[in-house]
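**Q** build me a model:
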Amino acid sequence: MLRDVGDFLRVIYAKLTHRPVAICDVGDVDGIASAAIFLRKFPKGVVILRAPAELQRGRWYRLFTWDFVADLPCPPGARVRMRADHHKTNVPCAERECYDPAAPCAAMLAARLLELESDPVVQELIQAAIETDTANIVTEKVRLLDLAVRYSRYGTRLRIAKKLAEQGVESVLNDEKVRKSIERGLEAERIIDEITRAIVDRARGEEIVLLYFPKRLPISFRQLNIKVQRSGYRFVNILVRLGYRTYRLYCGADREGKYDCTVVARALGGGGHKFAAGAQYKVSLLRPREGLTRFVNVIKEYLRMNRVKLYVVDYSLSVREEVL
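**A** Next comes the predicted model:
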């Protein structure tokens, strides 16, 4: 609520002072890099960061014309001048589009749209976005940037976008606040490794893994999804109960395999790519457990199975099996 009020006032200020405004994805390096590319083009511009589900819930976004949207669908009912996106489920919606579902990241499309492809700082940001969005991180500084983004609070993510726009990746990694986020990320990686080992011990020889977390852990579930996939599984779905009636899906599949994450994500109100998609949804206050039931039924229908095995991970990281 406080973040919405603060961002609303920032956008009002931008409009009064004739500054361009943008919305970019809050959740990963690609979204933050796209925001930084916008700020590289418009140093006095104002950026807010949001998750796709937040755009569907928030009504104040439609009150403004947005100069730039990246790595997201257009806010429902809002006018958008330019948009850069590569998600299969986010159809074109702006006056000027740079939309390509085959692109490895939205940052590449943002640079093309804003005519900054030859800028050396922007080239560095595009490379970081490609490595992280394709789950193929090969450089240490990109790995640390990924941790910094995933484990930063909102204000620090805005700070990261601004510093990336001004000086590139090295300036971000040397920032004291960002270093604290990286330290949280390194601890989260240890927890992810522990959970992955437990799952591999229980699910040997299986192709599909379904995980359920009744309580949220201080980790990146997208990273956990990638880690479990790389342990030999072709289709990994993680459901996290975020609150009393709110649930979040993280789906991962082989890029060239037979499974399509967008089918599952769309059925739960979300979207993304064939190989990586997600959704966030709410259920009735009177029947909060229906969140798990809804997820299981969607998986059963997609896989054409009557029963599925679910691995439940509690807050102590112990794992138990349920057949539903």
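
**Q** surely E206 touches Y233?
**A** Yes. Judged on Cβ atoms under 8 Å, E206 makes contact with Y233 at a distance of 6.8 Å. Yep, even glycine has a C-beta here, placed from its N, CA and C like the rest.

**Q** okay, these two: which has more neighbours?
**A** More crowded of E206 and Y233, by other Cβ atoms under 10 Å: Y233, with 19 against 16.

**Q** surely the more buried one is in a helix?
**A** No. Under DSSP: H, G, I helix; E, B strand; the rest coil, Y233 falls outside any helix and is assigned coil.

**Q** what sits closest to it if chain neighbours are left out?
**A** Excluding the flanking residues, the one nearest Y233 by Cβ to Cβ, 6 or more residues apart in numbering is V209, at 4.8 Å.

**Q** what about that neighbour, which SS state?
**A** For V209, the assignment made with three-state DSSP gives strand.

**Q** can you pull the pLDDT of it?
**A** The model reports V209 with a pLDDT of 96.

**Q** OK, contacts around it?
**A** Shown in contact with V209 (Cβ atoms under 8 Å, 6 or more residues apart in numbering): 199, 203, 228, 233, 235-237, 311.

**Q** that one bridge partners, please.
**A** Here V209 sits in beta bridges with V236, going by DSSP bridges.

**Q** ok, R320 - contacts?
**A** 311-312, 314.

**Q** which of these tops the neighbour count?
**A** Neighbour-wise, those (other Cβ under 10 Å) top out at Y311, 21 neighbours.

**Q** can you confirm that one is in a strand?
**A** Yes. Remark: Y311 belongs to a strand, assigned using three-state DSSP.

**Q** pretty sure it sits against I208.
**A** No. Between Y311 and I208 there is no contact under Cβ under 8 Å: 11.0 Å.

**Q** please parse the protein into its domains.
**A** Taking automatic domain parsing as the criterion, the chain consists of the domains 2-180, 205-323.

**Q** circling back: among the contacts of V209, which one sits closest to A53?
**A** The nearest member of the contacts of V209 to A53, counting by Cβ to Cβ, is N237 at 17.2 Å.

**Q** output the contacting helices and strands for the helix or strand E189 falls within.
**A** Assigned by DSSP states H and E, E189 falls within helix 176-202. On a contact count with 3 or more Cβ pairs under 8 Å, 6 or more residues apart in numbering; DSSP states H and E, helix 176-202 meets helix 140-150, helix 154-167, helix 169-173, helix 221-229, strand 309-313, strand 319-323.

**Q** let's see it at 7 Å
**A** Helix 176-202 sits against helix 140-150, helix 154-167, helix 221-229, strand 309-313, strand 319-323, with contacts defined as 3 or more Cβ pairs under 7 Å, 6 or more residues apart in numbering; DSSP states H and E.

**Q** now mean pLDDT and distance to F38 too, for those, in a markdown table please.
**A** Formatted as a markdown table, the helices and strands packed on helix 176-202 follow (pLDDT from 0 to 100; distance: least, Cβ to Cβ, whole Å):
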| stretch | mean pLDDT | distance to F38 |
| --- | --- | --- |
| helix 140-150 | 96 | 16 |
| helix 154-167 | 96 | 8 |
| helix 221-229 | 94 | 23 |
| strand 309-313 | 96 | 38 |
| strand 319-323 | 92 | 42 |
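
**Q** out of those, which gets nearest to A35?
**A** Between A35 and these, the tightest spacing by Cβ to Cβ is seen for helix 154-167, at 4.1 Å.

**Q** which parts of the stretch 1-150 of the chain are helices?
**A** Taking DSSP state H, counting those that start in this stretch, the helices of the stretch 1-150 of the chain run over residues 2-16, 29-41, 52-57, 106-113, 120-133, 140-150.

**Q** of all these, which gets the most neighbours per residue?
**A** Most buried of these, by mean neighbour count (mean count of other Cβ atoms under 10 Å): helix 29-41, with a mean of 29.

**Q** per-residue confidence at the residue lying closest to C93 once chain neighbours are set aside?
**A** Excluding the flanking residues, the one nearest C93 by Cβ to Cβ, 6+ apart is C74, at 3.8 Å. Here the pLDDT value assigned to C74 is 94.

**Q** and what of the one 10 residues further on?
**A** According to the per-residue confidence, A84 scores 97 in pLDDT.

**Q** sounds good, over and out.
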